[in-house]
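# below: sequence and its predicted model.
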Amino acid sequence: MNNLTMFCLSTEPKHLNTIKEFSYLPVGLGKEKFSDDWFVDNKGENISIKNKYYGEYTFHYWLWKNYLNKAEGDWIGFCQYRKFWSMENKNLLPNSLDQLKSLILKEVPNTYKNFDIILGEESSVSKLKLMKFLKRGLKLFLKKPSYLFDKNTRNIKFHFDMWHGANYLEKAIQLLDNENRDDFNDFVNTKTSFNPHNMFICKSKKIIKDYYATVFPWLKRCEDEFGFDNLSGYGQTRIYGFLAERFMSYWFKKNTKHTTLPIIWSFEFVLTNYGTQHECTDKEVRRQNMKQYEEGMSLFAKYYWCLWD
């Protein structure tokens, strides 16, 4: 019997059949209209209207307030429609639906029974591409030149300031409760990697509830401080989701016995069954990555689409 209940979050109704084929629970986010086959975040007690700013966390809030006690399975997990858990190498980019199905996590192995939480493998923020740094981090460099020459100074806070705006994280930390303020401040100022994507798998509903009961009041205080109107661009507009992403990595490491698994990416066309007719070649993958890099898309968006001339 499968010991894993996996919620798969998507903004596209067309992904329903693929998600159900994986035996995952489909979660619909955003403004699209989803059928009754989907879990949605806009029923019961919810903050669905804030999805543009909170991202995946509008569903986490809905789950906390409306459904968590009903969820079945020894483990409860979350993935996204282009990012999936796997036991395989995280650098794999499945280019067909069959390949993706063979790689995704279907149940948690018994060897993980002594852990409370599974996080995605850590992502380093100390690696620096010069052009991206000059485009986004010039002000930070002028303030502290060592950022350019000493990778050990390029910590989580530096990375957050560069991509999401200076001072937001620092101010947000001051809004944390006394139990977490100093520890989280130390975490972002000393660590050069974190567990990304707001994805986790947990075997304790109590742990999930305790996490939600900590992160959501904090995000509300941040929201009261920063608001919505002055947030511009993807990096700032979804700042509450990005704050939660860093905090998630810190909080679970501090409070649980944790381990990690790889997270693999998938192209959009794979999820809509297009990949069964045409597989994306390595050359096309490289061309796509370069095209989106040159267009200045977000750090992770370069993995998303396979475009054709």
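That came through, no problem.
# can you pull out the strands in the protein?
All strands of the chain, identified by DSSP state E, fall at 4-10, 25-28, 39-40, 75-80, 83-85, 117-120, 123-124, 193-194, 200-202, 258-261, 263-265.
# ok, His60 touching Leu219?
No - applying C-beta atoms under 8 Å as the test, His60 and Leu219 come out as separate, 10.3 Å apart. The way it works is simple: take the backbone N, C-alpha and C, and place the C-beta from them, glycine included.
# picking up where we left off before, got JSON lines for the strands of the chain, with mean neighbour count and distance to Tyr212 too?
Formatted as JSON lines, those follow (neighbours: other C-beta atoms under 10 Å; distance: least, C-beta to C-beta, whole Å):
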{"stretch": "strand 4-10", "mean neighbour count": "22", "distance to Tyr212": "14"}
{"stretch": "strand 25-28", "mean neighbour count": "22", "distance to Tyr212": "16"}
{"stretch": "strand 39-40", "mean neighbour count": "20", "distance to Tyr212": "16"}
{"stretch": "strand 75-80", "mean neighbour count": "23", "distance to Tyr212": "12"}
{"stretch": "strand 83-85", "mean neighbour count": "23", "distance to Tyr212": "21"}
{"stretch": "strand 117-120", "mean neighbour count": "24", "distance to Tyr212": "14"}
{"stretch": "strand 123-124", "mean neighbour count": "14", "distance to Tyr212": "23"}
{"stretch": "strand 193-194", "mean neighbour count": "20", "distance to Tyr212": "19"}
{"stretch": "strand 200-202", "mean neighbour count": "23", "distance to Tyr212": "11"}
{"stretch": "strand 258-261", "mean neighbour count": "17", "distance to Tyr212": "17"}
{"stretch": "strand 263-265", "mean neighbour count": "22", "distance to Tyr212": "21"}
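# who does the residue lying closest to Val108 once chain neighbours are set aside form a beta bridge with?
Distance criterion C-beta to C-beta, 6 or more residues apart in numbering; nearest residue to Val108, sequence neighbours excluded, is Trp75 at 4.8 Å. For Trp75, the beta-bridge assignment (DSSP bridges) gives partners Leu4.
# could you list the low-confidence segments of the stretch 151-300 of the chain?
Across the stretch 151-300 of the chain, residues meeting the criterion (pLDDT under 70) sit at 151-152, 268-300.
# mind running it again at 50?
Under the criterion pLDDT under 50, the flagged ranges of the stretch 151-300 of the chain are 274-286, 288-300.
# now Glu12: how far from Tyr234?
Using C-beta to C-beta, to the nearest Å, one obtains 18 Å as the distance from Glu12 to Tyr234.
# if you could redo that for Lys14, that was the one I meant.
As judged by C-beta to C-beta, Lys14 and Tyr234 stand 23 Å apart.
# of these two, which one has the most company?
Using other C-beta atoms under 10 Å, the more surrounded residue of Lys14 and Tyr234 is Tyr234, with 15 against 12.
# find the nearest non-adjacent residue to Leu9, please.
With C-beta to C-beta, 6+ apart as the measure, Val27 is the residue that lies nearest to Leu9, at 4.5 Å, once sequence neighbours are left out.
# cool, Ser48 as well?
Sequence neighbours aside, Asn42 is the residue nearest to Ser48 in space, at 3.7 Å (criterion: C-beta to C-beta, 6+ apart).
# burial check on the one you found, number of neighbours?
17.
# the one 3 residues further on now?
Look at Glu45: counted by other C-beta under 10 Å, it has 9 neighbours.
# what sits against it?
62, 65-66 (C-beta atoms under 8 Å, 6 or more residues apart in numbering).
# same check, this time on Asp116
202-204, 207, 256-258.
# one more time with 10 Å, if that's ok
With contacts defined as C-beta atoms under 10 Å, 6 or more residues apart in numbering, Asp116 is in contact with 201-204, 206-207, 252, 255-259.
# ok, now Lys253?
With C-beta under 10 Å, 6+ apart as the criterion, the residues that contact Lys253 are 117, 119, 187, 191, 194-195.
# redo those residues as JSON lines? Include distance to Tyr211.
Conversion of the contacts of Lys253 to JSON lines gives the following (distance: C-beta to C-beta, whole Å):
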{"residue": "Ile117", "distance to Tyr211": "9"}
{"residue": "Leu119", "distance to Tyr211": "12"}
{"residue": "Phe187", "distance to Tyr211": "15"}
{"residue": "Lys191", "distance to Tyr211": "19"}
{"residue": "Phe194", "distance to Tyr211": "15"}
{"residue": "Asn195", "distance to Tyr211": "13"}
